[in-house]
Structure formats: structure tokens, C-alpha cells
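S.K.: Give me the fold of what follows.
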Amino acid sequence: MESKQRKGAIRGNLASGGRASNSSHSDRSTESHSSIEEGTSRNSSTHCIPLTGGSPPIHPIQNQSTIGFDRSVFSGHAAPIINQGNGAINTIHNVTNNQLATHRKGLDLLLKAIAAGAFHNSEERYDPPKCHPSTRVAILRKIRLWVEELEKKHDFMWLHGSAGAGKSAIAQTIAEMCEKLNLLAATFFFSRTASGRGDAKQLVPTLVYQLCQSMPEIRSYVEDVIEKDPVVLSRSVEAQFKGLIIEPMERALAGPFSARLLNRPRLIIIDGLDECAGRDIQSNLLRVLSTYVKALPVRLFFLIASRPEPHIRHAFGSSSMAPMTVPLALDESYLPSEDIEIFLLAKFEEIKETHPLRSFLDPAWPTQSEIRSLVGKASGQFIYASTVIKYVNSSRHRPVERLKVIHGILVPPEKDTPFAALDALYSFIFSCVEDLEATLRVLSLLILPARRDHSELTPEFIEDLLCLQRGDTHIILQDLHSLVDIPPPRTDENTESGEVRILHASLGDFLQDQTRSGRFYLDADCAHADLARCFLRHIPQDTSATEPRSYLTSFQRVSCQLFMHHCPRAKGTVMLLEELSKFDFFTILSFSDGGTAIVGSSGWMRTELPPLFRWFQQQDLQHPQYQLYRRHLQSWDSHILTQLRHYITAPFGREFITCLTIPGVQGLRAFVVSALIGGKYNIGWPKYGQPSLDQTGLDNFTLPEDYQEMIVYLLLDPIRAGDLHVGSNAYTDLAICFTRPYDGILPADLFNTDSVFALYTLPFILLKASESDILLRQLTTVINSGALDNCPRAQPEALRIVNTAIMTYLSKYKTSNKAKMNLRIMQYLRSKSESVKHTILRVPSRKAREEP
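M.R.: Numbering: from 1, shown residues only. Okay, the predicted model is just below:
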């Protein structure tokens, strides 16, 4: 019966624009409780309920025309109740002053127990956050469709998201929208900082008071319960729910106004459940709601917004509540970054139109790159964007300068707090953390970025890296679910966990700024040192190893990478320095990752080694007793020289080693073109099955500048390099290699192909080369062949530099025969400026060229 009546009532409600035809919405005036209210609607027949014997108390129906009275007029006499419907006086009943005082007492007690500031439209929450126009469109539509469903399958919708994601703004927008549609029954907005709004004791009384306004049929029954048992307002949530909601509804349904009651609003919005004091209390509230919502004579449905704290997630995911709940996550699927960009653009336009200094603002401010930077920093969290706008929009400051403070371009003035609201949110969340030290250690691994080849920071991977027990990641981060996305624990060993990730890009800025984070400060230098020591323990020590090896596991390889990343950024703590002084660095250096290593080190190692050795040097200056640089440099020298000796037996092996000292990778490419064209020679890693060092391999090869610098210093030092020392003779041999005559080995169009790289390296090589008749003859051959004239890929300026280098080299020869040859060559080179294309021995005079 209730279901049929409710469906008919709701259909009528929606057909009339969402409002009931027989009643308007909430009237929160308390004056109606001190007057005698009518019990009829303007579109229905009149009713009168006598107050004699065991009859129920009068039903005050909200927003009906009422004839009031002055209580003093009836002092000591019976007071008439005049029910007016359609302009006619229907019935007058006598009610004593004692009866009126009793009802007033129940109302007064209820008013004392509520948190009026928790209403969605309370003065305390004036100008509450709301969704900006044209934002959150999809998610608002989804909630509204659920609210307007005639046949609901779920009693709860759980709106959850990280801290600052905009849950309260969505709840507020839905509350105002549903209030206009006469669908809103009650609201409660929790707040940890507002008096009364962080206490669950006031939740049920506050909801009941609002239900008395939106469902006036139950009001008198609620007052009757309170009058008979005032202590009910101090009882448990279960007792209050049964006594103040379920019982009055049952009595109202048994009365003559049941049809009207079934047409009343049903939606209750509870926002910020996680801000209610006490996790156990929060869980208990959900348990009570899920238990007693089934017993409600008039079905209510709840929109509950909160952060995804573990205990709340567990409650909504329980076998009893999950079938009744529609979970709605504020995740990336709703494109929050696009909404944030819309919000920022609109707000900056508003600033340019309304700010007192608007005449000084460039119409193009802020730039698109600045907007993108803010959107990226927001990480889908509206609180960051709104905090930025509030700070920039200060009428006492210049918006452009304030935005530069946000971007870190300018230092904020003393006592200026650009992110005060955001800092307060972060500080509150961290104040609930039990083990702060362990939490910051795990967060440091997430916040301080480092390369990890194909390795995700799953809970299990974090536990292995930090030497934790299984499940510790969830225990340590359980208070940070609103800031960190933590995948659920694995159900079995074959199940893969998701990656733990920070939800707020601005969290790292907060933690690493002591002026903002205070006691939650994350000292990055110390954190790097702690992590470096931790990863060092995972690297196996094998001092007997003398050859490259690839037996390191994936986990050990990642540990190597992370150690070499964090150590150069670490504070030189005593514990870290002592462990490094005992560590055999050859373990890392002798590691080869499966055939892609050239010049003795893996690609990632070439990037990480130089800053690590610079850090060793710095530590030796401050702590000379450890001799880290000297000790580990010897290991690196030994390792590199061992690897380079594998090239010596291959054709042009020494030339290749010399190429390593030429700045930039072009020297290596030149070597490939000039000496190994067509893949004719294999000077790769024959002993270890490495691929040939051909043009294809080196086209994709990169050698970081600072790593090559380390190799150069090694090879140019005769003491360190020994038999692999690169001196002037080595550069002479390389120049001969790059300028070999056409002997059938190289293609005829050598200098018309990629060998232009070889051409570009000649100035550097000739500058360091020693005297050589062979090189002189080959230079002459190159010039006579016209190769320099037929090199379309070379720039004219590059050719001029090459010519100058050749002249410089030829000037080194002192013998008369060489001098004559030099003279003829230099004459030719001078004639090049006049674009003459003849051999050296047949250069015509200017006069001959001018004759017709």
C-alpha cells in the first residue's frame, strides 16, 4: 500500500516540477510552534484531530494558512484551535495551557540538541563551496538521476574522493538543487573545526528537526516522544533513530495524513562523515543507518560524502551495506582537470574584471602555460585551485605578483601564507597519523622521484625495498587514504597489486617546506641518505667477481638504480659514509644489463655515475678520513679499462677507443661510417656475445656529456689509463682512419653520406695529432679528389673550419720537402675562397681566369 501511494505521489510531484501540490517546502520559523496550526492543505478536505483521551496530538502542517493567537489571552482558560480551510472555520477544540506548554517544552529540548550550523543553508556556513557553472556536469547528472528514481534499488549513494576533491561543493550543489525541486528532507554537514558539527551526538536531533519541517505530519509525534522521555536526546544513536524517526513515522502513517506524508521529500544528505570525531563512531553511524533504514515506515535515502578512509570503505563494502549502496568515486574518469581549467579561466577573467588594480592587468594574463601548470599542480583536487584564486584575488595586493609567488618565481613576504587553507587540511590529516616516522619514510619513496626500470611501487615492492613485513604499507598509510591511493591487499600470491601513488602533487611541496609543514617536515637530504643506506643493503657483495655479469635480479637492479639516484642527493651522514667506505663498488660497475651496454656501463648507469662521483669528491673534502672518491674511482677505472681491452684485438679497436675522447656522440658515429661501413667489422663484445658495433647500434647510442668527460679524463691520464692511454699518436692513427684513400673498402661516395660526421671531427683530431707522412699524403689525396667540394651535407662554415684545421696541421712540418708540399696545399686552400675547383697542381692564375 505504501509503495503504491508513494509512486503515485512522487509521479505527481515530478509532473508538477518537483513540488508537492498540497504543501510548500521548509519553514524553519519557530513561531509556528507557539501558535495553533491547521491540519489541512489548501487543496484537500479539512481534517480535525481531537485532543481527548488517547487521541494523538495535533498535526501541525507546515506553511498552511493559520490563525494565530496570543497565549496570554487564554491564560487560565481553554484555548481554541481554529482550523481554517478554503476560508471556512471548520472546528474549534479546547486545549489547556498545560497542553500547549508541554508541546513547547518538547520543541525547546529538541532545539537545544541540534547543530543549526550543520544545515546546508545555515548562517554559519554562509557562502559555502559550490560547483562552478559548467563544471562537474556528469557527476551532478548521475546523482540527480539517482535521486529522482521512482523505484530505487539502493538506499545509499556514497560519494567519495581524496581530500580537497570537491565533495562538499557537490553535496552543497545537490542540496540546493533538490531543495528547489522539493526533494530535500534534511542535511548535515560535518566539520571538525566548527562547534557541534564534529559530534555525532547532534546528528540525529538535527536531522529530526529538519524532518519535522519537511515532513510536518510527524512533528507532533516527535514532540510527544521528547516530552515523555526527554533523556532520549542523550541516548545512543540507535535509540534516537528508533524513538525520534521510526516511531513518529509509524504513528503518522496510522493517522489520517498518511497519503500526505508519503508525498514528502525523502533525500537526506550527510557530508564529511570522515570529519565526525572518532573512527568507531563513524563506523557505528553507518551500521545504524544500514540496519534501521530497512525498518523505516517511510523510506528515506541517503547521499553520504566522505574521504575513502579504510574503516568507511570497509563499512560500505560489508555484506550488509554493499547491496544497498551505489559507490561514486571522484576519480579521473570524470575529467576533474578539465573542470579545474574551466574554473581557473573563469575566475581569472573575474579578477581581470573586478579587481581594484584591473587596469594594470594584461588581457593575456595569465598565460596558457601558467594555467596548465596550475592544473597539473592541482592533480584533480579543487581545493588547490580555489586556494590559488583566493590568494591571487586579494584586493590589497597585485594579482600578477601573487601568482608569481604561487609559481615559486617570487618569495612570499614574511608572514604571508599563500596555501593556508591547503596547509590546514594537510596538517589535520597528518595529525591523525600514529607512526609519523614510518609514514614519512614511505612517503619519501613516493615523493622523491627516481628512475625504476619497469617497476611499479606496489605495496609489496615498497615493503621489499624498505625491509618491511607484508602488510606494513597498508598499516603505515592507513590514515592517509585521502592523500594516497593505496590498492587493497592481495588476496593471494598470484594476484598483482596496483601501484601506491600520491593523489596531491602539492603534498610534496608542503612536506618539504618546514615553514608550512612544521613538525611534519620531510627533510629531503636526510631522507635521501636513509633511502640510499636502505637500497645499499640489497646490492649483493661479491668481491671475487672479475667479469661483467647479468645475474642480478630485477629487484637488485632496481636497488642499484635507486641507490645511485638517492646517494648523490643525500646528506653525508656518518652511518651512510661508513657503509659506503666498506662497500665494494665493483659489484655495481661489473653489472651488465643483457647486451645493451657499450663502453662498460648500462644506459642508466652512465647518467647516474657522474653525479655520484662528484658527491664522493665533496664528501672527501668534508670527511677526508673515508677517501670515498679515491677508493671508488679506482674500482671504476679498473672496470672500464677491463672492458675497453676487449676492443683492442678487433680491427680499428684502438681507433674506437680514441673516438671516445671526441666531444659528443658524433665521433662514434664518424668511426662507424669511416671504419665499419656496411657492418664489415665486428668490434663489439665477442667474448660476451654482445652485438656488433655497427651503424644501427650507434645511431641509437647516447653518451651523456658528463659521463664521457669521466672517460676522457681516464684515457688522457697516462698513469690511470696505462697501455690504453690516448696520446697524440692515437689521434694521428684516427685521422688516418678517417681520411683513408679509396682502397675498395669504403664506398666511392664516402664524403657524400653520413661520413660528414667524420668531416666535422677532423679539426679536433688534427689539433691533437702528431706528425705523419701517411696522414699528409692522405690529406693531399682528399683535397685532390675534390671530396671537400662534393659534400652537400656539410655546411660552408664547417668546411671553412676543416680547411683551417688542415692548414694548422700542415704548418707543423719543418723539413724543406714538406714545406714545399705545404706551400702548394696552402695556395690551393687560399684559392678555395674564389670557388676554384681544380687539383692542387693545376691552379690557373687570376689573369688566365679573367681572359675570355
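S.K.: For the closest residue to E223 other than its chain neighbours, which residues are in contact?
M.R.: Take E223 and drop its neighbours on the chain: the residue closest to it by C-beta to C-beta, 6 or more residues apart in numbering is G106, 3.6 Å away. Just so you know, the C-beta spots here come from the backbone N, C-alpha and C atoms, and that holds for glycine as well. Contact partners of G106, counting by C-beta atoms under 8 Å, 6 or more residues apart in numbering, are V222, E223, D224, V225, I226, E227, P230.
S.K.: One more pass at 10 Å, please.
M.R.: Residues counted as contacts of G106 (C-beta atoms under 10 Å, 6 or more residues apart in numbering) are H33, P57, R219, S220, V222, E223, D224, V225, I226, E227, K228, P230.
S.K.: Grab the nearest non-local neighbour of the third one.
M.R.: It refers to R219. Sequence neighbours aside, C212 is the residue nearest to R219 in space, at 4.1 Å (criterion: C-beta to C-beta, 6+ apart).
S.K.: residues near the residue nearest to L361 when sequence neighbours are not counted, how many?
M.R.: Distances taken as C-beta to C-beta, 6+ apart put K352 closest to L361, at 5.1 Å, once the chain neighbours are dropped. Neighbouring residues of K352 were enumerated by other C-beta atoms under 10 Å; the total is 17.
S.K.: just the one 4 residues further on next, same as before
M.R.: The local packing count at P356 equals 9, with neighbours defined by other C-beta under 10 Å.
S.K.: Give me the distance between the residue nearest to E223 and P366.
M.R.: To P366, G106 is 58 Å away according to C-beta to C-beta, to the nearest Å.
S.K.: And K242, by the same measure?
M.R.: Separation of K242 from P366 (C-beta to C-beta) stands at 56 Å.
S.K.: and D271, what are its phi and psi?
M.R.: In terms of degrees, to the nearest 10, the main-chain angles of D271 are phi -110, psi 150.
S.K.: For the nearest residue in space to it that is not next to it in sequence, give me the pLDDT.
M.R.: Leaving aside its chain neighbours, D271 sits nearest to A171 (4.0 Å; criterion: C-beta to C-beta, 6+ apart). A171 carries a pLDDT score of 97 in this model.
S.K.: quick one: which helix or strand includes A171?
M.R.: Under the criterion DSSP states H and E, the helix or strand holding A171 is helix 167-180.
S.K.: show me the contacts for F382.
M.R.: Contacts were defined as C-beta under 10 Å, 6+ apart; by that measure F382 touches 129, 131-132, 135-136, 161, 164-170, 330, 336, 339-340, 343.
S.K.: ok so, going back, elements contacting the host helix or strand of the residue nearest to R219?
M.R.: With elements taken from DSSP H and E, the one containing C212 is helix 203-214. Here helix 203-214 touches helix 97-113, strand 184-189, helix 219-228, helix 237-241, helix 247-254, strand 267-271, helix 279-292, going by 3 or more C-beta pairs under 10 Å, 6 or more residues apart in numbering; DSSP states H and E.
S.K.: rewinding a little: mind giving me the ChimeraX command for buried ones among the contacts of G106?
M.R.: When burial is assessed using 16 or more other C-beta atoms under 10 Å, the buried subset of the contacts of G106 is captured in ChimeraX by this command:
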select :33,57,219,220,222,223,224,225,226,227
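S.K.: Adding pLDDT and distance to F510, write the contacts of G106 out as TSV.
M.R.: Putting these into TSV (pLDDT from 0 to 100; distance: C-beta to C-beta, whole Å) gives the following:
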residue	pLDDT	distance to F510
H33	36	49
P57	37	56
R219	93	48
S220	92	53
V222	94	46
E223	93	50
D224	93	53
V225	94	49
I226	94	47
E227	92	52
K228	92	53
P230	92	47
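S.K.: so which of the contacts of G106 comes closest to N393?
M.R.: Using C-beta to C-beta, H33 comes nearest to N393 of these, at 43.3 Å.
S.K.: Which positions in the helix holding A171 come out as buried?
M.R.: Buried residues in helix 167-180, counted by 16+ other C-beta under 10 Å: 167-179.
S.K.: so how many other residues sit close to D485?
M.R.: For D485, the neighbour count with other C-beta under 10 Å is 16.
S.K.: Look up which residues are beta-bridged to it.
M.R.: Note on D485: beta-bridge partners by DSSP bridges are R501.
S.K.: Of the contacts of F382, which belong to helices?
M.R.: Residues of the contacts of F382 located in helices (DSSP state H): K167, S168, A169, I170, P336, D339, I340, F343.
S.K.: so who does the spatially closest residue to the last one that is not a sequence neighbour touch?
M.R.: Once its chain neighbours are removed from consideration, F343 has its nearest residue in H132; the separation is 4.7 Å (C-beta to C-beta, 6+ apart). H132 is in contact with 166, 169, 173, 339-340, 342-344, 346-347, 382, 385-386, counting by C-beta under 10 Å, 6+ apart.
S.K.: Next one, pLDDT for H132 please.
M.R.: With respect to pLDDT, H132 has a value of 93.
S.K.: do the same with A385
M.R.: Reading off the confidence values, A385 has pLDDT 93.
S.K.: Kindly report the same for the one 5 residues further on.
M.R.: For K390, the pLDDT comes out at 91.
S.K.: With V843 instead?
M.R.: According to the prediction, V843 has pLDDT 34.
S.K.: picking up where we left off before, with distance to L436 added, can I get the ones in helices among the contacts of F382 in CSV?
M.R.: Compiled in CSV, the ones in helices among the contacts of F382 are given as follows (distance: C-beta to C-beta, whole Å):
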residue, distance to L436
K167, 26
S168, 27
A169, 30
I170, 32
P336, 29
D339, 34
I340, 30
F343, 34
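S.K.: Find me the pLDDT at the residue nearest to R219, would you?
M.R.: For C212, the model assigns a pLDDT of 94.
S.K.: give me the number of residues near W604?
M.R.: Under the criterion other C-beta under 10 Å, the count of neighbours that W604 has is 17.
S.K.: And for P413?
M.R.: Burial of P413, expressed as a neighbour count using other C-beta under 10 Å, amounts to 9.
S.K.: I'd assumed it was in a helix, is it?
M.R.: No: with DSSP: H, G, I helix; E, B strand; the rest coil as the criterion, P413 is assigned coil and is not in a helix.
S.K.: got a list of what it touches?
M.R.: P413 is in contact with H397, E401, V405, counting by C-beta under 10 Å, 6+ apart.
S.K.: Mind doing that once more with 6 Å?
M.R.: Remark: with contacts taken as C-beta atoms under 6 Å, 6 or more residues apart in numbering, P413 is in contact with nothing.
S.K.: Equivalent analysis for L109, please.
M.R.: L109 is in contact with I226, P230, counting by C-beta under 6 Å, 6+ apart.
S.K.: how much space between it and F585?
M.R.: Counting by C-beta to C-beta - L109 and F585 are separated by 77 Å.
S.K.: K294 too?
M.R.: Counting by C-beta to C-beta, the gap between K294 and F585 amounts to 68 Å.
S.K.: Which of those two has more residues huddled nearby?
M.R.: Ranked by neighbour count (other C-beta under 10 Å), K294 and F585 place F585 first, with 19 against 10.
S.K.: State the distance from that one to P704.
M.R.: From F585 across to P704, the span is 19 Å (C-beta to C-beta).
S.K.: what's the answer for I174, then?
M.R.: Distance of I174 to P704, given as C-beta to C-beta: 55 Å.
S.K.: Kindly report the same for I711.
M.R.: Between I711 and P704 the distance is 11 Å, computed by C-beta to C-beta.
S.K.: which of these two has more neighbours?
M.R.: Under the neighbour definition other C-beta under 10 Å, I711 and P704 were set side by side, and I711 has more, 21 against 15.
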